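# My questions concern the predicted model and sequence given below.
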Amino acid sequence: LSVAHLKSQNVLKYGLDIPQVKEEMCPDMEISSCLDGFSLVLDSGGDLIYVSENVSNYIGLTQVELLGQELSDYVHPCDHRQLKQLTPAKTIGSEDELVEIFVRVKCTVTDRGRMINLKQANYKPIKISGKARCMPANEDGGVRGTVFLGVARH
């Protein structure tokens, strides 16, 4: 969790042009409550740098369980090739690339709202859309390469 926190702070500091938008527009509103899905940030290796707390409402897995893990561990094996499209090879200074894919993700919430363990979980189709962005080089280290910033929906 510590590594995931450091990576997410690095993306916020160097990867976002306007990190204060939420605070300036609606300081009292929780943005994730407006989404019909959950937000996520992936590094170039497919590791989850950030996933919003409301992820458990959609796939039953908690934020703590997912942070620092590879998203491919929870995606159907037939969809792994599509998952690689989220973090294409990009060069520093290149334009952000819009990406949209459909994948099947393990879901530990049944249709009736009951929780089941991960081995019994079924796959649920979700749409992941967002931007692939190349992180600028910095002398402090941190996240390098392409990161994906997006939203996953039903």
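Cool, the structure landed.
# and Y74, how many neighbours?
21 (other C-beta atoms under 10 Å). The C-beta positions use only the backbone N, C-alpha and C, and glycine is treated the same way.
# Mind telling me what element the residue nearest to it when sequence neighbours are not counted is part of?
With C-beta to C-beta, 6 or more residues apart in numbering as the criterion, Y74 has its nearest non-adjacent residue at 4.7 Å, and that residue is K106. Using DSSP states H and E, K106 sits within strand 97-107.
# Dump that strand to PDB, restricted to CA.
The C-alpha trace of strand 97-107 is given here as PDB (Å, rounded to 0.1, in the frame of the first residue of the first chain):
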ATOM      1  CA  GLU A  97      -4.400   9.100 -26.400                       C
ATOM      2  CA  LEU A  98      -8.100   8.300 -25.800                       C
ATOM      3  CA  VAL A  99      -8.600   4.600 -25.100                       C
ATOM      4  CA  GLU A 100     -11.800   2.600 -24.700                       C
ATOM      5  CA  ILE A 101     -12.000  -1.200 -24.200                       C
ATOM      6  CA  PHE A 102     -14.500  -3.800 -22.900                       C
ATOM      7  CA  VAL A 103     -13.200  -6.500 -20.600                       C
ATOM      8  CA  ARG A 104     -14.600  -9.100 -18.200                       C
ATOM      9  CA  VAL A 105     -13.600  -8.500 -14.600                       C
ATOM     10  CA  LYS A 106     -14.000 -10.900 -11.600                       C
ATOM     11  CA  CYS A 107     -17.000  -9.800  -9.500                       C
END
